[in-house]
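**Student:** predicted model and sequence follow; I will ask about them next.
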Number of protein chains: 2
Amino acid sequence: MITVTRKSVLFVWLLLCMPLLVQAAEQLPSWQDTGPRQALVQFVENVTLDGSPDFIPVPARIAVFDNDGTLWSEQPMYFQVLFALDEVKRLAPQHPDWQTTQPFKAVLENDHKALAATGMDGMNRIIGVTHTGMSGAAFTDSVKAWLAKARHPKSGRPYTEMVYQPMLELLDYLRAHQFKVFIVSGGEVGFMRAWAEEVYGIPPEQVIGSRFVGQFRNSNGQLQILRTAHLEHNDDGPGKPESIDALIGRRPVLAFGNSDGDLQMLQWTAAAKGKSFVGLVHHTDGKREWAYDRTSDIGRLDKALDAATANHWTVVDMAADWKRIYPFD
Amino acid sequence: MITVTRKSVLFVWLLLCMPLLVQAAEQLPSWQDTGPRQALVQFVENVTLDGSPDFIPVPARIAVFDNDGTLWSEQPMYFQVLFALDEVKRLAPQHPDWQTTQPFKAVLENDHKALAATGMDGMNRIIGVTHTGMSGAAFTDSVKAWLAKARHPKSGRPYTEMVYQPMLELLDYLRAHQFKVFIVSGGEVGFMRAWAEEVYGIPPEQVIGSRFVGQFRNSNGQLQILRTAHLEHNDDGPGKPESIDALIGRRPVLAFGNSDGDLQMLQWTAAAKGKSFVGLVHHTDGKREWAYDRTSDIGRLDKALDAATANHWTVVDMAADWKRIYPFD
């Protein structure tokens, strides 16, 4: 039975007032009133104003965001890699051979030099043992358990607090204008889904990332999706527009990234038929966050920065354009 | 600028009244007041009633539907296959060798026996030349052009009218109760996305199906996603819970199918921790639609029917439980 309660009347009254409240409160309060904020507000107002020649209907308001370095920090190393290293230590008692086998020995001994020497092959083995071979549910549990106790080496804060306050506000601002917000990240999808809904308000079905082949298993009625070691999709570079096409099935009208791995996603969005918005977060703030771009091993921003200049994309200068970096600032 | 107009006040007033309107209008009018309708209404009211011990929060209200034989007909052959056969005829002038090469020769001569003799290999070649090797945008255009003029061989109606009126009502009923509805089908995802939003109100990002690897191409700034001939995912049988896990990232609470290809999706949904609803459309109506189950080559329903009996899943007897089949009835 459905009844109209006092609560629902209040709720509807709030709905009625929401446009006014949105207008009354300062939009994007952690953004300086500089170019990027102005460009964002102008774009959103232009494409959502009924009767505007650039009006975009609600179902087509698809916005995509990279995660590492765009929504949260990625220094001193991608947080997912820090999770994997911690997991090796947690799981070591069940794997006595790791004490003497690389790359695990290097992780257990905090020997960064030896670890680096194992290269991508070493990293892939570490990701393999910590991310695959278990059920999806068990992996989610391990990510949540790690997040509950792990702390960022520089700030001492939980990793889920190392998110950019201005970007949280941008997600809210877009949703208030009926954009559907997706993450499209090189990070592993199950890792992100474990916390993205709570931290960003982005539900699992709107989180796209790299993924391993999941295998349906039925053992006497006990069902699980086993995370196999076979990489199904690498959601980086051209993999981003490819997964956008495969999983979302339409062109975004707004895209934000921070590195060369986002270039093709930004190009794909910029080439939309109607109006679109393309933005880059430029890490220029060595004091409040980190400063890095063209020569960084993590989040290298070189070709995409040139493309932004050539195509007049919006580049956010973190030092100049953001009043606050983190929610705890 | 956001303003509260008369139109938006009216809209909010309508929102306020919606629960009453839903209650007032007869729910699911094309369903007989028999077991399946009663079970559906009881489930939905139970899990959406605030305070119910079985209450399911809105974000977790994920409903998944097979397409062929569940939302629209699949006889005398899957409509996507009929599209492929018509496409071979349309494209034949550009491929003179098809006049003498199987399986194309058989298609061009309407030689069903010779076509059948080419088996799955022949069918895969036909799907290959009609579904891959072009951009995603070009493929969508070809599907839409076909739908605009193709007619079903039995009814003479456009294929998009061969949808089940009771299921359209069920999709609306679920959405009115804030369920998020997905298609999870063995059909090719681009084929379905070309019309699913208009016909079912299901947006592209909620259509999951079999898919080919899409390849991002940049030819001097001309961007496209090329549909390659490499099958990335076969969304049938165990492939259904696998893609649900990979793409939706949480367990559905309602699932509907009609054939053994849906069995694992139904099992996966039935094994949810809280309440869930599992339904099968049983094709029992040889007069208004088609009657087939355990021995049919198309939409075989055998093991899943046994599982439904054993697990007390809801089985819709189309002849007995549906007042109408198609919107045009």
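**Tutor:** The structure has been received and is ready for your questions.

**Student:** check contacts around A:R37.
**Tutor:** Going by CB atoms under 8 Å, 6 or more residues apart in numbering or on different chains, A:R37 touches A:L28, A:W31, A:D321. Using the backbone N, CA and C atoms, a C-beta is placed for each residue, glycine as well.

**Student:** how much space is there between the last one and A:G51?
**Tutor:** Translated: A:D321. Distance of A:D321 to A:G51, given as CB to CB, to the nearest Å: 31 Å.

**Student:** who has more neighbours, these two?
**Tutor:** A:D321 (22 against 5; other CB atoms under 10 Å in any protein chain shown).

**Student:** the more buried one and A:D285: what is the separation?
**Tutor:** 10 Å.

**Student:** what does the stretch 51-200 of chain A have sitting close to chain B?
**Tutor:** Taking CB under 8 Å from any CB of the partner chain as the criterion, the stretch 51-200 of chain A approaches chain B at residues A:P59, A:I62, A:G136, A:K180, A:V189, A:G190, A:R193, A:E197.

**Student:** try it again with 6 Å
**Tutor:** Residues of the stretch 51-200 of chain A lying close to chain B (CB under 6 Å from any CB of the partner chain) are A:P59, A:G136, A:R193.

**Student:** so which residues of the stretch 51-200 of chain A form strands?
**Tutor:** For the stretch 51-200 of chain A, applying DSSP state E, counting those that start in this stretch gives strands covering A:62-65, A:180-188.

**Student:** among the ones you listed, which comes closest to B:V81?
**Tutor:** strand A:62-65 (31.0 Å; CB to CB).

**Student:** related to what we said a few turns ago, any idea which of the strands of the stretch 51-200 of chain A is most buried?
**Tutor:** Stretch with highest mean neighbour count among the strands of the stretch 51-200 of chain A: strand A:62-65 (a mean of 26; mean count of other CB atoms under 10 Å in any protein chain shown).

**Student:** next step: the contacts of A:R37 restricted to helices.
**Tutor:** Residues of those located in helices (DSSP state H): A:D321.

**Student:** now, which of the contacts of A:R37 sits nearest A:F43?
**Tutor:** A:L28 (12.3 Å).

**Student:** what about that closest one, neighbour count?
**Tutor:** Number of residues near A:L28 (other CB under 10 Å) recorded here: 19.

**Student:** now it: closest residue in space that isn't a chain neighbour?
**Tutor:** Take A:L28 and drop its neighbours on the chain: the residue closest to it by CB to CB, 6 or more residues apart in numbering or on different chains is A:E169, 5.0 Å away.

**Student:** name the element A:A307 belongs to?
**Tutor:** Assigned by DSSP states H and E, A:A307 belongs to helix A:303-311.

**Student:** show me what whatever helix or strand comes next after that helix is packed against.
**Tutor:** Using DSSP H and E, the helix or strand that follows helix A:303-311 towards the C-terminus is strand A:314-317. Packing contacts for strand A:314-317, counted by 3 or more CB pairs under 6 Å, 6 or more residues apart in numbering or on different chains; DSSP states H and E, involve helix A:35-48, strand A:277-282.

**Student:** tell me which of these sits most buried.
**Tutor:** strand A:277-282 (a mean of 26).

**Student:** tell me the strands beside that strand, with direction?
**Tutor:** Using DSSP bridges, the strands paired with strand A:277-282 are strand A:254-257 (parallel), strand A:314-317 (parallel).

**Student:** for these, give me CSV that also has mean neighbour count and distance to B:Q99.
**Tutor:** What follows is those, written out as CSV (neighbours: other CB atoms under 10 Å in any protein chain shown; distance: least, CB to CB, whole Å):
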stretch, mean neighbour count, distance to B:Q99
strand A:254-257, 28, 47
strand A:314-317, 21, 55
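
**Student:** reformat those strands as CSV; add mean pLDDT.
**Tutor:** Formatted as CSV, those follow (pLDDT from 0 to 100):
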stretch, mean pLDDT
strand A:254-257, 98
strand A:314-317, 98
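
**Student:** using TSV, lay out the ones you listed together with distance to B:N67.
**Tutor:** Formatted as TSV, those follow (distance: least, CB to CB, whole Å):
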stretch	distance to B:N67
strand A:254-257	30
strand A:314-317	40
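
**Student:** residues touching the residue positioned nearest the centre of chain A, list them.
**Tutor:** Most central in chain A under CA atoms, centre = their mean is A:N67, positioned 2.0 Å from the mean C-alpha point. Shown in contact with A:N67 (CB atoms under 6 Å, 6 or more residues apart in numbering or on different chains): A:I183, A:S185, A:G187.
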